[in-house]
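Trainee: Show me the folded form of this:
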Amino acid sequence: MERAFGWLKKNRTKIWVGAVTLLLVFYLVVSFQRSVLLLTDPEPVAKAIGAAYLVLPVIGAWALIRELLFGARTEQMAKVLEAEGGLPVDNLPRTPAGRIVRAAADQEFEKYRAETEAAPDDWRSWFRLSCAYDAAGDRKRARAAMRDAVRLFQASKGALAR
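Mentor: Purely as a prediction, here's the structure:
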């Protein structure tokens, strides 16, 4: 029983992502079904609404696939960094509520910013910079830095395959 709880705790994020993905897929299927029903209606207004409504599942499926691929690639990079011993250590002080102390995160951020400036073509430095942005509370820049890391990681994999 304890082993099952350990597995659940370890895979909590994957379980949550799976549940949200299933809900979104259900929504996309229902949206697609409703748009087809509207398209088969003889009224021109219903047909127009059905055509417009058909766009939602397409955009939703595209966004879902993009985010799942982003997560999978991020996890793949984390595994490589972990094997190399290059993952940033989470040793920043925290408030009683569990949040990272902003001043400490900002100070740690400078180290990773300098590392990325010194090696702008290394996906590892961009990955660590993304983690530093996230710790400092800047989620928008964290995702942008991780996208750069993914792009460089994919390029390095392509270069190895040649």
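
Trainee: Please count neighbours and contacts with C-alpha atoms only from this point.
Mentor: Noted.

Trainee: and residue 105, how many neighbours does it have?
Mentor: Neighbour count for residue 105, taken as other CA atoms under 10 Å: 19.

Trainee: roughly how far out does the helix or strand hosting residue 153 sit from the chain middle?
Mentor: Assigned by DSSP states H and E, residue 153 belongs to helix 139-161. With CA atoms, centre = their mean, to the nearest Å as the basis, helix 139-161 stands 12 Å off its chain's centre.

Trainee: Check what contacts that helix and list those residues.
Mentor: Outside helix 139-161, the residues that touch it by CA atoms under 8 Å, 6 or more residues apart in numbering are 70, 73-74, 77, 121-127, 129-134.

Trainee: 6 Å - rerun?
Mentor: Residues from elsewhere that reach helix 139-161, judged by CA atoms under 6 Å, 6 or more residues apart in numbering: 123, 126-127, 130, 133-134.

Trainee: Including secondary structure, could the residues you listed go into CSV?
Mentor: Listed next are the contacts of helix 139-161 as CSV, based on DSSP: H, G, I helix; E, B strand; the rest coil:
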residue, secondary structure
123, helix
126, helix
127, helix
130, helix
133, helix
134, helix
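
Trainee: of those, closest to residue 26?
Mentor: residue 134 (31.1 Å; CA to CA).

Trainee: List the contacts of that closest one.
Mentor: Taking CA under 6 Å, 6+ apart, one finds residue 142 in contact with residue 134.

Trainee: quick one on the thing from earlier: and which of the contacts of helix 139-161 is nearest residue 19?
Mentor: Of all the contacts of helix 139-161, residue 134 has the smallest distance to residue 19: 24.2 Å, by CA to CA.

Trainee: hmm, back to that, pLDDT averaged over the helix holding residue 153 - what is it?
Mentor: Across helix 139-161, pLDDT averages out at 88.

Trainee: list the buried ones in it?
Mentor: Within helix 139-161, the residues scored as buried using 16 or more other CA atoms under 10 Å are 141-143, 145-150, 152-153.

Trainee: So for the chain, the centremost residue is which one?
Mentor: residue 71 (4.1 Å; CA atoms, centre = their mean).

Trainee: pLDDT averaged over the longest helix anywhere in the chain - what is it?
Mentor: If each helix of the chain is counted by residues according to DSSP state H, the longest one is helix 44-84. The average pLDDT within helix 44-84 is 91.

Trainee: Taking helix 44-84 as reference, get the angle to the helix holding residue 153.
Mentor: Between the axes of helix 139-161 and helix 44-84, defined by axes from the mean of the first three to the mean of the last three CA atoms, to 10 degrees, the angle is 70 degrees.
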